[in-house]
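**Q** Predicted coordinates and the sequence they were generated for:
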Amino acid sequence: MNGRKVLLLVGSPRGSASSSHALGDHLLSLLEGHGMATKKLLVYPALGDDKRMTELLAAVDACSLLVLAFPLYVDQLPAPLIDTLQRIADRRQGRQGEMRQALAAIVNCGFPETLHCRPAAGIVRLFAAQAGFRFLGCLALGMGGAIGKRPLAEAGGVVRHQARALKEAAPFIAEGREIPLAVIELMARPMMPRWFYTGMAHWGWKRAARKHGVRSRLGERPFAEV
Amino acid sequence: MKAVFLKGSPPAGRDPLCNRAAAAVMARAHALSWEVKAFALATMNIKACRGCFSCWTRTPGRCIIADDDQEAVLRAWAGAERIILLTPLTFGGYSPELKKALDRAIPALLPFFIRINGETHHPQRYPRPRRLLAIGTLKGPDSESEEVFRDLVGRNALNMSDGEATTMVFSGDVPLSEMEKRLGTEPFFGGTAQ
């Protein structure tokens, strides 16, 4: 171990059964291979639980590298993650300056196109600046639904670009250097043709609805005014 | 004109600028005889989205979380032709209070994908001409935050409305009269500003 500590905050409500966890956890194992000590915390259970939030904030203080892994919700970060980042920034007011701690992020969206993640990447960059972290970059990807809750290593060839991007990003992140643009672009590559992804998604929604007995009611408008 | 107004100000009036902007919006809407359903989100019990997609595949159009105040927001959203969002800029984005309500608004969308401007989006569950206005407040000028905010609102407009968005940012100590004047010139409120 090189004495450097990385803290992964998973910002998905699905916790360890999420694409965000799969991606973040994979990066964590790569960083371990670069000699970093690792710790992982889920954001959602910490909100509304003072003890867990105190532990989370202390872990942020103690890390040399903070990694955020989260899904895109309505074009940006999920609400509980914003709440947590605000608490972190508030706590760090007045102690900025040296920027010894670094921050990197992984954001995945369910749309096929990675460009939907652009505002989220901007928000994370501004959080880093306002909370006194050195920003190393944001690895964004579309088609996040194709990963599911599987560990990335078990997701097979479909995530080959993303697995390679994380592997190439790891030494930069471990050394506190900015993630190269080529690696960010590699991460953003589609996992499959768009038509195939959208077709699979439609099939998946219909199958889930059928399972719950509402296949014919998918388009229902319960709050339509009559 | 029916409008839904989501006020994402922090609790207990901690952001006077947000409160002033809310008053200016209500004055403008009142002058136009709009029917506005306004929600002070910080005073409401709105739980965080679970990401379960039940609102799409189990209880279509309804959130599975039924023991909080979000359904009133969804009802107002369904019938609205104007959506107004108000927030203190939080790293260039929305406050947690506002974002919680927006995360829980996905029952207003359908799960399927459509193409808009060459990109993939979800269709509206309650399709109608619907415009979006987002107002952000800042303690002082911050061009980077404003840039991220405008980008975010533009993206939201593609997902929540018919694609038209107006973004306004009030920074510093802007008086109520100035806010009302600026709102009055916006095409969103029937003005003629470019």
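**A** That came through fine.

**Q** Isn't B:N19 up against B:P11?
**A** No: counting by CB atoms under 8 Å, no contact exists between B:N19 and B:P11, whose distance comes to 11.7 Å. In this view, the C-beta of every residue, glycine as well, is placed from N, C-alpha and C.

**Q** Poorly predicted segments of chain A, please.
**A** Scanning chain A for pLDDT under 70 picks out the ranges A:1-2, A:96-99, A:226.

**Q** can you list the domains in it?
**A** Taking automatic domain parsing as the domain assignment, the record places the domains of chain A at A:5-192, A:194-226.

**Q** Show me the one of those that comes nearest B:F170.
**A** Closest approach to B:F170 among the domains of chain A (CB to CB): domain A:5-192, 18.3 Å.

**Q** so does that closest one get close to chain B?
**A** Yes: residues of domain A:5-192 are located near chain B by CB under 8 Å from any CB of the partner chain, namely A:12-14, A:18, A:44, A:47, A:71, A:73-80, A:82-83, A:85-86, A:89, A:111-113, A:115-116, A:118-119, A:122-124, A:126-127, A:129-130.

**Q** filter those residues to the buried ones?
**A** Neighbour-count burial (16 or more other CB atoms under 10 Å in any protein chain shown) is assigned, among these, to A:12-14, A:18, A:44, A:47, A:71, A:73-80, A:82-83, A:85-86, A:89, A:111-113, A:116, A:118-119, A:122-124, A:126-127, A:129-130.

**Q** what about the strands in chain B?
**A** In chain B, the segments counted as strands under DSSP state E are B:2-7, B:35-40, B:82-88, B:114-116, B:119-121, B:131-138, B:165-171.

**Q** The ones you listed: which one's closest to A:I179?
**A** A:I179 lies closest, by CB to CB, to one member of the strands of chain B: strand B:119-121, at 24.7 Å.

**Q** Residues touching that closest one, excluding its own?
**A** For strand B:119-121, the external contacting residues (CB atoms under 8 Å, 6 or more residues apart in numbering or on different chains) are A:111-113, A:115-116, A:194, A:198, B:113-115, B:158-159.

**Q** and which of the residues you listed is nearest A:A169?
**A** A:L115 (19.5 Å).

**Q** Now for that closest one: which residues touch it?
**A** For A:L115, the contacting residues are A:142, B:119, taking CB under 8 Å, 6+ apart as the criterion.

**Q** so where's chain B shaky on pLDDT?
**A** Residues of chain B meeting the criterion pLDDT under 70: B:13, B:192-194.

**Q** Tell me where it has helices.
**A** Counting by DSSP state H, one finds helices in chain B at the ranges B:16-31, B:54-57, B:70-79, B:96-103, B:143-160, B:176-185.

**Q** how far is the longest one from where the chain is centred?
**A** The reference is to helix B:143-160. Here the centre of mass of C-alpha atoms in helix B:143-160, compared against the chain's by CA atoms, centre = their mean, to the nearest Å, lies 12 Å away.

**Q** What is it packed up against?
**A** helix A:118-131, strand B:119-121, strand B:131-138, strand B:165-171 (3 or more CB pairs under 8 Å, 6 or more residues apart in numbering or on different chains; DSSP states H and E).

**Q** Narrow the buried ones among the residues of domain A:5-192 next to chain B to those in strands?
**A** Counted as lying in strands by DSSP E, out of these, are A:P71.

**Q** Looking at B:N19 and B:P11 now, which is surrounded by more residues?
**A** B:N19 (17 against 11; other CB atoms under 10 Å in any protein chain shown).

**Q** gap between the more buried one and B:P127?
**A** In this view, B:N19 and B:P127 are 34 Å apart by CB to CB, to the nearest Å.

**Q** what's in contact with stretch A:76-93?
**A** Stretch A:76-93 is touched from outside by A:9, A:11-13, A:43-44, A:46-47, A:53, A:56-57, A:60-61, A:68, A:70-71, A:73, A:107, A:119-120, A:123-124, A:127, A:130-132, B:48-49, B:51, B:90-91, B:93-96, B:99-100, B:102-103, B:152, with contacts defined as CB under 8 Å, 6+ apart.

**Q** now swap in stretch B:11-21 and tell me
**A** Outside of stretch B:11-21, the residues within contact range by CB under 8 Å, 6+ apart are B:7-10, B:42-43, B:86-88, B:97, B:135, B:137, B:139, B:170, B:173-176, B:179.

**Q** all strands of chain A, in order?
**A** Taking DSSP E as the criterion, chain A contains strands spanning A:5-10, A:37-42, A:65-71, A:102-108, A:134-141.

**Q** strands paired with the first one, and their directions?
**A** Taking DSSP bridges as the criterion, strand A:5-10 forms sheet pairs with strand A:37-42 (parallel), strand A:65-71 (parallel).

**Q** Now the shortest one: buried residues?
**A** Meaning strand A:37-42. The neighbour-count criterion (16+ other CB under 10 Å) identifies A:38, A:40-42 as the buried residues of strand A:37-42.

**Q** Could you give the bridge partners of the residue positioned nearest the centre of chain B?
**A** Nearest residue to the geometric centre of chain B (CA atoms, centre = their mean): B:L85, 2.7 Å. Applying DSSP bridges to B:L85 yields these beta-bridge partners: B:L6, B:A134.

**Q** distance of it from B:D69?
**A** In this structure, B:L85 lies at 17 Å from B:D69, with CB to CB as the measure.

**Q** Could you pull up the contacting residues of B:W56?
**A** If a contact means CB under 8 Å, 6+ apart, then B:W56 has A:205, A:208-209, A:218, B:106-107, B:110-111 as its contacts.

**Q** Can you tell me which of those lies closest to A:K149?
**A** A:A208 (15.0 Å).

**Q** Report how many residues lie close to the nearest residue to the closest one once chain neighbours are set aside.
**A** Among residues not flanking A:A208 along the chain, B:T57 sits closest, at 3.9 Å (CB to CB, 6 or more residues apart in numbering or on different chains). Residues contacting B:T57 under the criterion other CB under 10 Å number 21.
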